[in-house]
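> here are the coordinates; sequence isn't available:
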């Protein structure tokens, strides 16, 4: 089995109109949410073997806060192609994951993450599916399981949505 965890960056700060989108930091609410979401992953035993993170400032900050709960924290690979990646681009990233990685974590952006989860995992836990159908808010995490041993076998509709959790569902209120 392979497991893919998709983590949308925490809430970003829009107060500076002069900043490029790529350079936006987290706002206070985002900073409060990222750490507990990382702790949720650890508390459920979801420990990634490999982490791919967009190069955007807000995704890096989300990872920096989330990884505190992981001891030792896996080293992240910062990939510029994850910045605003499409479903097709995300699928190619998954297919190229190293064979030794059983669990992978991607930290990225919408609308790509939401569209990708819906593409690869149209089935799964009914409550998770319902929550995902509403929206994929900032700092939300989707956990998708695949019933095979090779990342290259991942294709549309081949996964099962195991979990979908938001800061709001954990009482953090980042949504």
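Thanks, I have the structure now. Just so you know, these numbers come straight off a predicted model, no measurement behind them.
> and the nearest residue to residue 146 once chain neighbours are set aside, how many residues sit next to it?
Excluding its sequence neighbours, the residue lying closest to residue 146 (Cβ to Cβ, 6 or more residues apart in numbering) is residue 2, at 4.4 Å. Every C-beta, even on glycine, is put in place using the N, C-alpha and C of the backbone. As a burial measure, residue 2 scores 21 neighbours (other Cβ atoms under 10 Å).
> pLDDT wise, what is residue 2 at?
Predicted confidence (pLDDT) for residue 2: 98.
> Next: the one 10 residues further on.
As summarised for this prediction, residue 12 has a pLDDT of 94.
> sorry, back to before: which residues does the residue nearest to residue 146 contact?
Contact analysis of residue 2 by Cβ atoms under 8 Å, 6 or more residues apart in numbering lists 102-104, 145-146, 148-151, 154.
> switch to 10 Å and redo it
Under the criterion of Cβ atoms under 10 Å, 6 or more residues apart in numbering, the neighbours of residue 2 are 94, 97, 101-104, 144-151, 153-154, 158-159.
> can you check residue 137 too?
Neighbouring residues of residue 137 by Cβ under 10 Å, 6+ apart: 8, 10-11, 33, 110, 114, 131, 166-169, 174-175.
> PyMOL command to pick out the buried ones of the contacts of residue 2?
Here is the PyMOL command that selects the buried residues among the contacts of residue 2 (16 or more other Cβ atoms under 10 Å):
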select buried, resi 94+97+101+103+104+144+145+146+151+154+158+159
